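Novice: please work out how this folds:
(chains A and B)
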Amino acid sequence: EAGVVQSPRYKIIEKKQPVAFWCNPISGHNTLYWYRQNLGQGPELLIRYENEEAVDDSQLPKDRFSAERLKGVDSTLKIQPAELGDSAVYLCASSEDSLSGNTIYFGEGSWLTVV
Amino acid sequence: AQSVSQHNHHVILSEAASLELGCNYSYGGTVNLFWYVQYPGQHLQLLLKYFSGDPLVKGIKGFEAEFIKSKFSFNLRKPSVQWSDTAEYFCAVISYNTDKLIFGTGTRLQVFP
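Specialist: You can find the predicted model right below:
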């Protein structure tokens, strides 16, 4: 079974430039998550989708971050404009649904460096 | 605020030594508990999880963890570590109240031959 697929794996951009990350969750998983992991820290939730609806985006910096999950499958996370402090690993994850009893599976992450 | 604490930030062991990594959480109510592992250059992988039942859970690669509700703890153990266990270990908790998976800051484990 294919896992959560993310691209690109690595991205280096100059500050003030835009960047986008793409995620394809595990087939059949209704819930999709975007996490950010700073160096030396645990992942922190940015946004959670149930199908195509964003049900928890309280941690998403909405002035520069946006996300979408059209058709309830793939998702994109965009940063515009990027700042130096956005350098981190952006993790996509999915689960069958958001009930607490389900395991969340993570992708390999998209490593962003803003210079 | 709800939080997960991992007190050991960096652990260095020799092969065959025993391992115990601490994890404490501050949630009230019903929780599910996880340990994830991240090997160098790889993605987060589930090591083990506790949902209900026997508080001693066994995971992959000889790891186990014990849920002690009265202590709000979910410590990870392995009786004899191997060099291949070198990785970063994350404890995570999801509360039935919030449905939000919260991670600890991680513990970096280095095992030397």
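
Novice: output stretch A:90-104 as PDB, nothing but the C-alphas.
Specialist: What follows is the C-alpha trace of stretch A:90-104 in PDB, where atoms were taken according to Å, rounded to 0.1, in the frame of the first residue of the first chain:
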ATOM      1  CA  TYR A  90       6.300  20.600   6.300                       C
ATOM      2  CA  LEU A  91       4.700  17.300   7.000                       C
ATOM      3  CA  CYS A  92       1.500  15.900   5.400                       C
ATOM      4  CA  ALA A  93      -0.400  13.200   7.200                       C
ATOM      5  CA  SER A  94      -3.600  11.300   6.800                       C
ATOM      6  CA  SER A  95      -5.900   9.000   8.700                       C
ATOM      7  CA  GLU A  96      -9.100   7.100   7.900                       C
ATOM      8  CA  ASP A  97     -11.100   9.800   9.800                       C
ATOM      9  CA  SER A  98     -10.400  12.100  12.700                       C
ATOM     10  CA  LEU A  99     -11.800  10.000  15.400                       C
ATOM     11  CA  SER A 100      -9.300   9.700  18.200                       C
ATOM     12  CA  GLY A 101      -8.900   6.000  17.800                       C
ATOM     13  CA  ASN A 102      -7.300   6.200  14.400                       C
ATOM     14  CA  THR A 103      -3.600   6.200  13.600                       C
ATOM     15  CA  ILE A 104      -2.100   9.100  11.700                       C
END
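
Novice: which stretches in chain B count as strands?
Specialist: B:4-5, B:10-14, B:19-21, B:24-25, B:31-38, B:45-50, B:56-58, B:64-68, B:73-78, B:87-95, B:101-103, B:107-112 (DSSP state E).

Novice: so which of those strands gets nearest chain A?
Specialist: Within those, the stretch nearest chain A is strand B:101-103; the backing value is 3.1 Å (CB to the nearest CB). Yep, even glycine has a C-beta here, placed from its N, CA and C like the rest.

Novice: and that closest one, which strands flank it?
Specialist: For strand B:101-103, the pairing partners within the sheet under DSSP bridges are strand B:87-95 (antiparallel).

Novice: just want the angle from the partner strand to strand B:45-50.
Specialist: Compare the direction of strand B:87-95 with that of strand B:45-50 by axes from the mean of the first three to the mean of the last three CA atoms, to 10 degrees and you get 40 degrees.
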